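Enquirer: Here is the input, now give the coordinates:
(chains A, B and C)
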Amino acid sequence: MMRDQKLWTWHVAAGLVILVLLGLHMVVMHLDSIVKVPSLNPAGDEPIDWKNVTARGRMVFFAVTYVLLLGAALFHGLYGLRNILFELNPGPSVKKALSALVVIVGLGLFVLGSWAAVASFNLARSL
Amino acid sequence: MGASMSETSAKTILYRVRRYDPARGAAPVWQDFSIPRVAGMTVLDGLWTIKETQDPSLAWRSSCRMGVCGSCGMLINGKPRLGCNTQVSELGADVVAVAPLPNFDIIRDLVPDLAPMFDSHVALKPYVIRDDADEQEHPTGEFGQSAHELEQYLQFSYCIKCGCCMAACPTYATDPVYSGPMPLAQAHRYNTDTRDGGFKARKVVLGGERGPWRCHFAGECSRVCPKGVDPAKAIQLMKRELVLDYLRLRKGHVPAPAVPKPKEIKRRPDIPDAPARTA
Amino acid sequence: MPRVQGLPNRLGIRGWVGGGRWGLERYLYTLHRVTGLGLLLYFLLHILVTTSRAFGPEAWERAMGAVSGGVFKIGEYLVFAAFAFHAVNGIRLVIVELGWGVGKPIEPVYPYRTSVDAQRFLAVGALLIAGIIAALGAADLFLLD
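Expert: Sure thing, here's the model as predicted:
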């Protein structure tokens, strides 16, 4: 069980990783009309169109950074949630249960999301 | 008398005081008192007037009445302040609402139970820790410390332990496990003192959930501190120290050694010697 | 210390939200929590929804269809705005909580200039930048698309 001194340092580090990667994600998905990056939205129109999704999904850069962003964001967000809930002063058994739940949800979603990133990478490459 | 309108515009001031009597057991209630408004009166002065002329049962803590003992921390018009340090006129209101400091159990009326704050304080070892007991018991000289080294912790040493910062902290409002601004700022005060060697000892507490990790820089502690100690600053500086320590990048210090008196210095002839040591 | 049984008097969650006479940074603290929780909730659902792209275009279109429409578009914007604030305020917090921008230890002379005053320009700057980014996002989502 990592102590808060270490967990907090990783929380900050994860935040910086998210700043860069999620910032990029937001530019691609939500500022596409203002900042046009043709290679990332080659089919024009909506960034969520299947053609654009696969255009990005087949790039190694995206497969890798999706997994990085997923891990960093899950850690950052779930540690933050655990922190907020702990500050409400629950009993020690509730704290243990919360910690376990957060780890299980985090690992579970990380495995699911990483699989999806790799699977869609392979799918996009096969098209 | 030729007094101006602004001075005589209100000859009395209304005090709204939060009363609680554990013997009665009922919930706290507000009680109003109207007292004469005197130029330059502090909130504490008004409480004394009430006690002396209207209700002797009113209870609070105070002592020095000049902002150095830290006894009279109270919630005055919604903000934690010292009663003796707060002029009624600076509140700029017709009503002085006085309540006990929040985030502490109420013992009676305006008296908070500060014991948990002091327990956290003691747990963070607020004293110089060194391993040269012999030198401390039988000093051969002073511990050398430069003016620059003093500056690193002097501000945080001005703390009078009044508890206003604890009352203002949003984390301490929900979380009694969090050490709170005063104990944490004092831990930093000793960690940065070059005479001290106790960083590792304090890290046992500071590295865990009683450390500064639940401070999120709301900054209210520093805004309300009556002595300008700026505990928020101390806590953020301490976080940097602890992160650097985790990354093994922290430059610790060796506790300042004793500096023996220079031998060449001769006493001026007209100054007598000190009396002989009795112990 | 002698133990006395006193009446509990913690502010509780009311202390997070404040209520008058509190500084800007306390409200930024609360807003940072609210946006963080909102982003987390969205994110957990987002992972589940976007997993559909691994199953091909039909699955993807179905998933996207399920989360489009008026309410979702507004929700999407709120997520973007929450991100803008949380990220930019987060930069300020990383700077400040690692001890930069709070000033050096000084001799306190009344009126005190505290660490809160020292970093105030970062807080104001963060709000301005977050506002600009949120406005750009609004323009992209509601005007230019």
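
Enquirer: What residues does C:L127 make contact with?
Expert: Under the criterion of CB atoms under 8 Å, 6 or more residues apart in numbering or on different chains, the neighbours of C:L127 are C:28, C:89. Heads up, the C-betas are built off the backbone N, CA and C, glycines and all.

Enquirer: doesn't it fall inside a helix?
Expert: Yes: for C:L127, which was evaluated using DSSP: H, G, I helix; E, B strand; the rest coil, the result is membership in a helix.

Enquirer: how many other residues sit next to A:F61?
Expert: By the criterion of other CB atoms under 10 Å in any protein chain shown, A:F61 has 8 neighbours.

Enquirer: pLDDT at it, what is it?
Expert: Predicted confidence (pLDDT) at A:F61: the value is 93.

Enquirer: To which secondary structure element is it assigned?
Expert: For A:F61, the element it lies in under DSSP states H and E is helix A:60-86.

Enquirer: moving C-terminal of that helix, what's the next helix or strand?
Expert: helix A:92-126.

Enquirer: check whether that next one contacts chain B.
Expert: No: legend: contact between helix A:92-126 and chain B by CB under 8 Å from any CB of the partner chain is lacking; minimum distance shown is 9.0 Å.

Enquirer: which non-adjacent residue is nearest the closest residue to chain C within the stretch 1-150 of chain B?
Expert: For the stretch 1-150 of chain B, the residue positioned closest to chain C under CB to the nearest CB is B:D105, at a distance of 2.9 Å. Taking CB to CB, 6 or more residues apart in numbering or on different chains, and ignoring the residues beside it in sequence, B:D105 has C:G6 as its nearest neighbour in space, at 2.9 Å.

Enquirer: try B:I160
Expert: B:I160's closest residue in space is B:G70 (CB to CB, 6+ apart), at 3.4 Å.

Enquirer: element containing B:S179?
Expert: Counting by DSSP H and E, B:S179 is part of no helix or strand.

Enquirer: so which strand or helix has the nearest residue to it once chain neighbours are set aside?
Expert: Excluding its sequence neighbours, the residue lying closest to B:S179 (CB to CB, 6+ apart) is B:S120, at 4.4 Å. Mapping B:S120 onto the secondary structure by DSSP H and E places it in helix B:115-123.

Enquirer: Buried residues, that helix. List them.
Expert: For helix B:115-123, the neighbour count (16 or more other CB atoms under 10 Å in any protein chain shown) marks B:115-117, B:120-121 as buried.

Enquirer: how about those in JSON lines, adding distance to C:I95?
Expert: Formatted as JSON lines, the buried residues of helix B:115-123 follow (distance: CB to CB, whole Å):
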{"residue": "B:A115", "distance to C:I95": "36"}
{"residue": "B:P116", "distance to C:I95": "32"}
{"residue": "B:M117", "distance to C:I95": "30"}
{"residue": "B:S120", "distance to C:I95": "28"}
{"residue": "B:H121", "distance to C:I95": "29"}
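
Enquirer: so B:K239 sits right up against C:V96, yeah?
Expert: No: using CB atoms under 8 Å, B:K239 is not in contact with C:V96, being 9.6 Å away.

Enquirer: where does chain C have its least confident helix or strand?
Expert: In chain C, no helix or strand scores lower on mean pLDDT, DSSP states H and E than helix C:14-17, which sits at a mean of 77.

Enquirer: Next, count neighbours for residue 122.
Expert: The chain I'm using is chain A. Applying other CB under 10 Å, we find 13 other residues in the vicinity of A:N122.

Enquirer: you looked at the wrong chain, it should be chain C
Expert: The local packing of C:L122 (other CB under 10 Å) involves 20 other residues.
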